[in-house]
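J.: Provide a 3D model corresponding to the input given below.
(one chain, ligands or ions: 1)
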Amino acid sequence: MALSERITQIQPSPTLQTDSKAKALRKAGVDVINFAAGEPDFDTPAHIKDAAIEAIREGFTKYTPVTGIEDLKEAVREKFARDSGLHFCHEEIIVSCGAKHSLYLLDQVLLNPGDEVLIPSPCWVSYPDQVLLHGGRPVLIPTEERDGFLLHPETLRAALTPRSKMLILNSPCNPTGAAYPRERWEELAAVALERGLWIVSDEIYEKLTYDGFRPVSVASLGPEARARTITVNGLSKAYAMTGWRIGYAAGSKEVVSAMGIAQSQSTSNPTSIAQKAAVAALRGSQACVEAMVEEFDRRRRYIIDRLNRMEGVTCRVPQGAFYAFPRVDPYFGRGRKGRAIRGSVDLADYLLEESHVALVAGAPFGDDRYLRLSYATSMEEITKGLDRMEAALHRLR
Ligand SMILES: Cc1ncc(COP(=O)(O)O)c(C=O)c1O
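T.: Predicted coordinates for the structure are as follows:
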């Protein structure tokens with residue numbers, strides 16, 4: 001069979017793969033602690049589920065307008081105005097099958113073969129592969145822990161070429177948890193706008209910030225930023241709605257309309273009943289989000305503290321999202337029972353097999369010195385998992 005060149009260039013999502021491996025082991029009766037999943041362990045709040053049940057009962061089960069029902073676009077419009085002071089009309093908004101799908105559509109409509117997409121690294125695993133899938137060239141720009149994993153404007157400038165087309169920003173960031181302050185956004189946007197880049201701002205973890213950090217939406221920096229930024233967001237993380245598959249993008253009418261065409265020829269509308277649930281999530285009380293953030297924060301403090309107490313492990317305090325990103329390279333070169341730990345993938349494999357702790361290697365995110373642990377799992381599991389991890393690391397000589 002001759003598969004396309006495009007598909008042979010990319011890998012299945014390593015985070016989803018590790019998560020499924022962990023879930024399969026658990027199903028087989030193995031007591032696995034799963035730090036791999038990028039999804040809240042909380043149930044979708046009841047009022048959101050009720051809205052979907054009501055939609056089914058009412059027979060709201062047919063095709064909807066391709067880019068989303070008016071009610072949901074209105075709820076998204078209100079959300080941008082409320083949270084970021086941004087004013088969009090319905091033609092500037094598209095609802096898709098998850099933020100991942102919105103990002104995919106953006107590559108579809110903006111990239112020509114060879115176009116370069118600048119991505120601060122470490123980054124979410126799907127950005128580079130989605131770019132490759134569209135014939136673009138991902139240009140990973142390293143960021144360092146000592147700089148808080150924030151992209152520096154001069155490093156961005158140095159990575160620019162005549163083929164640079166798009167800059168993907170993600171704050172709070174998966175996997176580092178880094179969150180960008182307004183001043184850094186302004187500096188980065190200035191470089192990007194000077195060169196006429198499209199800015200894609202993935203704000204999916206916007207609601208999950210800690211220590212009083214207040215996120216700033218890139219498009220809200222001013223009219224120029226508003227014109228060249230496509231903001232991507234979704235319901236998955238903030239409302240524990242990963243399975244419902246609702247995300248959205250807002251920005252330039254021309255780009256959003258083109259995304260609508262691509263969507264009309266691929267998925268058609270996102271699921272009708274999930275759209276109704278999304279309206280309830282965005283318009284309903286936000287107390288459920290606050291309660292989840294409070295619990296994530298409690299876990300964050302515990303997990304970071306525990307990791308930093310482990311010999312040979314250091315972990316920066318993340319300001320957002322629900323991931324810890326500890327540095328573990330002091331363990332490289334060690335081993336156990338003839339098994340050598342050469343990098344983060346070996347270490348993640350070792351921890352899964354030796355102690356049944358599933359976490360994701362740093363390598364697929366762009367930095368082999370790290371591991372990623374999601375703390376979107378209960379305190380009890382976190383405690384048990386960290387105990388096991390510590391003991392397994394201790395056994396490496
Ligand atoms: C940075 C980032 N963007 C987008 C997504 C995709 O979210 P959705 O479930 O809305 O497709 C994820 C999910 O892990 C993510 O971590």
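
J.: against the ligand, how distant is the residue nearest to Leu347 when sequence neighbours are not counted?
T.: Nearest residue to Leu347 in three dimensions, chain neighbours excluded: Ile341, at 5.2 Å (C-beta to C-beta, 6 or more residues apart in numbering). Bear in mind the C-beta positions are built from the backbone N, C-alpha and C, glycine included. Distance of Ile341 to the ligand, given as C-beta to the nearest ligand atom, to the nearest Å: 27 Å.

J.: OK, contacts around Gly260?
T.: Applying C-beta atoms under 8 Å, 6 or more residues apart in numbering, one finds that Gly260 lies in contact with 66-67, 94.

J.: that older thread, give me the pLDDT for the residue nearest to Leu347.
T.: We note a pLDDT of 97 for Ile341 in this prediction.

J.: skipping adjacent residues, who's closest to the residue most central in space within the chain in space?
T.: The centroid of the chain falls nearest to Asn174 when counting by C-alpha atoms, centre = their mean (5.0 Å). In space, Asn174 comes closest to Trp124 once its chain neighbours are excluded; the distance is 4.6 Å by C-beta to C-beta, 6+ apart.

J.: ok, that neighbour touching Pro172?
T.: No: Trp124 lies out of contact with Pro172 (C-beta atoms under 8 Å); the separation is 11.2 Å.

J.: could you pull out the buried residues of the lowest-mean-pLDDT helix or strand in the chain?
T.: Least confident helix or strand, the chain: helix 14-27 with a mean of 83, by mean pLDDT, DSSP states H and E. Buried residues in helix 14-27, counted by 16 or more other C-beta atoms under 10 Å: 14-15, 18-19, 22, 25.

J.: tell me the residues of the stretch 101-250 of the chain that contact the ligand?
T.: Selection of the stretch 101-250 of the chain residues close to the ligand by C-beta under 6 Å from any ligand atom yields 124, 170, 174, 202, 204, 234, 236, 242, 247.

J.: so what pairs up with Ser121 in the strands?
T.: Per DSSP bridges, the residues bridged to Ser121 are Pro142.

J.: next: Met166.
T.: Note on Met166: beta-bridge partners Val117, Trp198, judged by DSSP bridges.

J.: how near is it to Leu110?
T.: Distance from Met166 to Leu110, counting by C-beta to C-beta, to the nearest Å: 6 Å.

J.: list residues touching both of these two?
T.: In contact with both Met166 and Leu110: Trp198, using C-beta under 8 Å, 6+ apart.

J.: need the contacts of Gly260 in TSV (columns: distance to the ligand, neighbour count and secondary structure).
T.: Supplementary listing: the contacts of Gly260 in TSV, determined by distance: C-beta to the nearest ligand atom, whole Å; neighbours: other C-beta atoms under 10 Å; DSSP: H, G, I helix; E, B strand; the rest coil:
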residue	distance to the ligand	neighbour count	secondary structure
Val66	18	19	coil
Thr67	16	24	coil
Ile94	13	31	strand
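
J.: got TSV for those, with pLDDT and distance to Gln286 too?
T.: Output for those, formatted as TSV (pLDDT from 0 to 100; distance: C-beta to C-beta, whole Å):
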residue	pLDDT	distance to Gln286
Val66	98	29
Thr67	98	25
Ile94	98	23
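
J.: with distance to Gly222 as added columns, please give these in CSV.
T.: Putting the contacts of Gly260 into CSV (distance: C-beta to C-beta, whole Å) gives the following:
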residue, distance to Gly222
Val66, 31
Thr67, 27
Ile94, 23
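
J.: what about the residue nearest to Asn174, which SS state?
T.: coil (DSSP: H, G, I helix; E, B strand; the rest coil).

J.: for it, which residues are in contact?
T.: Counting by C-beta under 8 Å, 6+ apart, Trp124 has contacts 170, 173-175, 202, 365.

J.: and which of those residues is nearest the ligand?
T.: Asn174 (3.7 Å; C-beta to the nearest ligand atom).

J.: which SS state does that closest one fall under?
T.: Note that with three-state DSSP, the state of Asn174 is coil.

J.: for Glu78, grab the count of nearby residues.
T.: Neighbourhood size, Glu78 [other C-beta atoms under 10 Å]: 12.

J.: quick one on the thing from earlier: and the two most separated of the contacts of Trp124?
T.: Largest separation among the contacts of Trp124 by C-beta to C-beta: Asp202 and Phe365, giving 14.3 Å.

J.: which residue of the two possesses the greater neighbour count?
T.: More crowded of Asp202 and Phe365, by other C-beta under 10 Å: Asp202, with 30 against 25.

J.: bridging residues for that one?
T.: So, taking DSSP bridges as the rule, Asp202 has Asn170, Val232 as bridge partners.

J.: residue contacts, it?
T.: Residues counted as contacts of Asp202 (C-beta under 8 Å, 6+ apart) are 99, 103, 124, 168-170, 232-233.

J.: between the residues you listed, which sits nearest Val76?
T.: Asn233 (8.2 Å).

J.: give the contact list for the closest one.
T.: Counted by C-beta under 8 Å, 6+ apart, Asn233 has contacts 99, 202-204, 206, 247-249.

J.: what's the answer for Leu111, then?
T.: 117, 131, 134-136, 165-166.

J.: kindly report the same for Ala281.
T.: With C-beta under 8 Å, 6+ apart, Ala281 has these contacts: 45, 48, 235, 239, 241.

J.: that one: which element?
T.: In the assignment (DSSP states H and E), Ala281 maps to helix 272-283.

J.: right, and the helix or strand after that helix?
T.: Counting by DSSP H and E, the element that comes right after helix 272-283 along the chain is helix 287-309.

J.: could you give the angle of that following helix to helix 272-283?
T.: 80 degrees (axes from the mean of the first three to the mean of the last three C-alpha atoms, to 10 degrees).

J.: mean confidence score for helix 287-309?
T.: Rounded mean pLDDT across helix 287-309 is 97.

J.: mind listing what's buried along that helix?
T.: 288-289, 292-293, 295-297, 299-300, 303-304, 306-307.

J.: for stretch 128-144, same thing?
T.: Using 16+ other C-beta under 10 Å as the test for burial, stretch 128-144 gives 128-134, 136-141, 143.

J.: narrow those residues to those in strands?
T.: 137-141 (DSSP state E).

J.: let me see the contact set for the residue of the chain found nearest the ligand.
T.: Of the residues in the chain, the one nearest the ligand is Gly98, at a distance of 2.7 Å by C-beta to the nearest ligand atom. Residues in contact with Gly98 (C-beta under 8 Å, 6+ apart) are 234, 236, 245-247.
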